[in-house]
Every structure is written in structure tokens, then in C-alpha cells.
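Asker: Predicted model and sequence below, questions to follow.
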Amino acid sequence: MDVSSLVSQLHETLSTIYTTIASLNSNKNHEAILGELEHDRDDEIYEIWRREDEERERRRRLEDEELDKRDSREGEQRKEDVNERVTDVELEVDELMAEVEKKAQRILEEGRESLRNLEQRRKELNRLVDEQLQNQLPPR
């Protein structure tokens, strides 16, 4: 090999070195792209978690609303049940009270009848006593 051929090869090698160094500097551009991709990835992950949190909160609110509705329905049902039992008790007691009142009225009427009979008996006995006393008295 001659010197000119070696110098030519040396120039080619230096040119390749400069090209390689330049491409290594463009690697900084790759780092920026990687940084941007990492940032985009983090943003997407954050959005995924944010949407999941929103969905969880939405489901919790729906469940709370359903629980409130169910509690309200159950409360109304319990109220209706209590009102029904109260009405049943009131009707039952009203019937018993009516029976007691009828029985008291009957006893009162029987007592009055008994008193009338006793009053008549007393009058009859008084008449008989007067008659006996009149018969035992000497005539006038």
C-alpha cells in the first residue's frame, strides 16, 4: 500500500468517525423523544386511574342512591305495616268495647227491671202489711 492510499483510507475513517459522532449527537434527540414518551405514558396512566376513580365514585353514588331508595321503600313498608297493625288493634278493641258496652247496657237494663220488680214487691208487701195492720186494729 502506498501513502496516498493510506491517506485516503485515513480520510474515509475520519469521515466515518465524524458521521458516527454526529449520529451520537442526534441520540440527544432520541432522549427527548424518550422523555416525551415517558411523559405521555405517565399522563395516560394518570388518566386511567382518574377515570377509574371517577367510575368508582359514580358507582358508589349510585349504590348510595339505591340504598336510600331501598331504605325509603322499606321505611314506607314498615310504616304501612305498623299502621295496618294499629288499625287491626283499634278495630279489635273497638269491637271488644262495643261488646262490653252492650253487656253493661244489658246489665243496667236487667238491674232497672229488677229494681222495678223489687219496688212492686215492696209496694205489695207494704199493702199487705197495711191490710194486716188494719185487720188487727179494732173497728172504729
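Answerer: Happy to help now that I have it. Bear in mind the structure is a predicted one, so any value in this text is a computation, not a measurement.

Asker: in what helix or strand does L115 lie?
Answerer: Under the criterion of DSSP states H and E, L115 resides in helix 27-136.

Asker: mean confidence score for that helix?
Answerer: The predicted model gives helix 27-136 an average pLDDT of 92.

Asker: tally of neighbours for E110?
Answerer: 10 (other Cβ atoms under 10 Å). C-beta: built from backbone N, CA, C; applies to glycine.

Asker: Pull the contacting residues for it.
Answerer: With contact taken as Cβ atoms under 8 Å, 6 or more residues apart in numbering, E110 is in contact with no other residue.

Asker: what does Y18 give?
Answerer: The neighbourhood of Y18, defined by Cβ under 8 Å, 6+ apart, contains no residues.

Asker: how near is S72 to Y46?
Answerer: In this structure, S72 and Y46 are 38 Å apart, going by Cβ to Cβ, to the nearest Å.

Asker: same deal with R58?
Answerer: In this view, R58 and Y46 are 18 Å apart by Cβ to Cβ.

Asker: Next: L34.
Answerer: The separation that L34 has from Y46, given Cβ to Cβ, amounts to 19 Å.

Asker: same thing with D53?
Answerer: Noted for D53: a distance of 10 Å to Y46, by Cβ to Cβ.

Asker: What's the local residue count around V3?
Answerer: Residues near V3, counting by other Cβ under 10 Å, number 8.

Asker: give me the number of residues near E57?
Answerer: As a burial measure, E57 scores 10 neighbours (other Cβ under 10 Å).

Asker: what's the answer for N117, then?
Answerer: Applying the criterion other Cβ under 10 Å, we find 10 residues in the vicinity of N117.

Asker: quick one, what contacts it?
Answerer: Residues touching N117, when contacts are defined by Cβ under 8 Å, 6+ apart, are absent altogether.

Asker: Quick check, central residue of the chain?
Answerer: Central residue of the chain (Cα atoms, centre = their mean): D71, 1.6 Å from the mean position.

Asker: Next, L137: phi, psi?
Answerer: phi -80, psi 140 (degrees, to the nearest 10).

Asker: tell me, how many neighbours does it end up with?
Answerer: For L137, the tally of surrounding residues (other Cβ under 10 Å) stands at 8.
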